[in-house]
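> here is a sequence with its predicted model. Questions after.
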Amino acid sequence: MYKLVFSLLLLFIITANAKSEVNFATVDSVSYQLYMEGNWDKLLQIGTEALQKNIDFKNLRKRMGYAFFCKGDYYASHNQYYKAYQFDKADADSKIYLYYCGLYLGDEVLTRYYSDKLTVDEQLRLNAPSAHQLLSAVDVEYNRKYNSDISTLRSNPIYYRVGVKTQINNRLSLYQSVSLFQQSLSQTSQLLDTIVEFNRKVKTDISIGTKQFEYYSLLGIVLSENLKLNVGYHYLNTNLNLSRKYALDSLENPALYMQAVAMTDSTIQTHSNMFFAKLSTNVNRFTFGLSGSYLNSNNVAYSQFGLHAGVKFEGKANVYYNNSIYKLSGNSNNRFVVSQSLGGQISKPLWIEANVTVGNLYNFNDFDGLYVYNSVDPTVFKTGVSLYYNYNPHLTFVGNLGFDIKEFESESAIKTNYNQQSLSGGIIWKF
């Protein structure tokens, strides 16, 4: 009964008009009492009203930040502790809870930015991640696609990838990845073979074995608590083994037939280099970014510019939405690609994300330049669903089901679409 009467009396004092005796001492006393009682809703109400009357000081921001933290609103808690930190950048509590806010939000940039500002004893006490880690994370990925509609002309492509992350310090990180893509292509055509007597038309079966080795690196630079720069490089080494087999109208000259086959086997190797950069920032629940890349492939240049925006919604489901729009230019062609993703938390260890990308993706790259879509048949639509299962703080399992629409161009320049399904899995291990 005493607490109820006291709280009502304090509320009456604070909500009185501006001519009443609402001052620093009153707000400090009332907010401290409510903080000690754990009356978070009333504390936030009185704190908000005090701020509206231009009564603002470090301890009020810290108390409001702790109230939001206890209510599980880590974005709002971060905003309050950030204000307290501006009052006193030596305040240990503000830095510790800013670190915790980044940790609970899953924001590694924010976490490491404030971890860097903690003393060694504070880092040890909070079990903060080491600033220097030669091997901070390892991930592996396997993907297999299925071309059921065009299986006689395109084999099911396979993709393998292994990545490692090095934490140089709390402001710098380096991620490196190697991958291998494999697929076989075949096509039947009617060609005029000038080697054969009388210039007969012959049936030609063309078989192409594709192997593409890739190396990727990304340097992450934390510029401030909400500003990050990524700079990347992606190298692609593509080997095409071509083999043509002729079916002659007759076998009048078998030696000539064998000679023709021998002359048409060949290997083509191409090297592609891509440079990437992205600047991103966080403003409360919103993220914004600007990216650009330059790809030189077989002496043909392609450029890509992207605008990115996202939002994380309130609620225990931690629902988020991201949208990106890209402009691609190259080979006398300009086009746009739009990509969207929607995700959230199903349960404590399980997250889900759905994505869709629309546009001609030939030589398009995403995930900070990690994936480059340069297959012989351009993808014109892709969508999928990913599941992330956090087995423990160090181990995460990833699975994805995907569906693509690809464009096939015949020898006669007739374009048709075919469907492609994909299944991939991966493991992320953080040390």
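Done, it's in. Numbering: from 1, shown residues only.

> could you use CA atoms for every contact and neighbour count after this?
Fine.

> which residues does the residue nearest to G399 when sequence neighbours are not counted bridge with?
The shortest distance from G399 to any non-neighbouring residue, by C-alpha to C-alpha, 6 or more residues apart in numbering, is to G425 (4.4 Å). Beta-bridge partners for G425, by DSSP bridges, are Y142, G399.

> repeat that for the one 4 residues further on.
When bridges are taken as DSSP bridges, the partners of W429 come out as V138, L395.

> who's in contact with it?
Contacts for W429 (C-alpha atoms under 8 Å, 6 or more residues apart in numbering) come out as 137-139, 394-396.

> nearest to K312, of those?
Ranked by distance to K312 (C-alpha to C-alpha), those are led by T396 at 21.5 Å.

> do you know how far the spatially closest residue to that closest one that is not a sequence neighbour is from E141?
Spatial nearest neighbour of T396, excluding adjacent residues (C-alpha to C-alpha, 6+ apart): N390 at 4.4 Å. Taking C-alpha to C-alpha, to the nearest Å as the measure, N390 falls 16 Å from E141.

> again, but for H234
Separation of H234 from E141 (C-alpha to C-alpha): 17 Å.

> do N23 as well
N23 is 60 Å from E141, by C-alpha to C-alpha.

> comparing those two, which shows the higher neighbour count?
Higher neighbour count among N23 and E141: E141, with 17 against 14, using other C-alpha atoms under 10 Å.

> let me see the contact set for the closest residue to that one other than its chain neighbours.
Distance criterion C-alpha to C-alpha, 6+ apart; nearest residue to E141, sequence neighbours excluded, is G426 at 4.3 Å. Shown in contact with G426 (C-alpha under 8 Å, 6+ apart): 139-142, 397-399.

> what's the answer for L185, then?
L185 sits in contact with 153-155, 207-210, where contact means C-alpha under 8 Å, 6+ apart.

> pLDDT averaged over stretch 236-255 - what is it?
The average pLDDT within stretch 236-255 is 68.

> pretty sure S303 sits against G330.
Yes - using C-alpha atoms under 8 Å, S303 is in contact with G330, at 6.4 Å.

> more neighbours, the two?
Between S303 and G330, counted using other C-alpha under 10 Å, the more crowded position is S303 (19 against 16).

> so which strand or helix has the more buried one?
Counting by DSSP states H and E, the element that carries S303 is strand 300-312.

> run through who's touching that strand.
Identification of contacts with strand 300-312 by C-alpha under 8 Å, 6+ apart yields 285-296, 318-331, 363-364.

> ok, which stretches of the stretch 301-431 of the chain are helices?
In the stretch 301-431 of the chain, no helices are defined using DSSP state H, counting those that start in this stretch.

> understood, closing this out.
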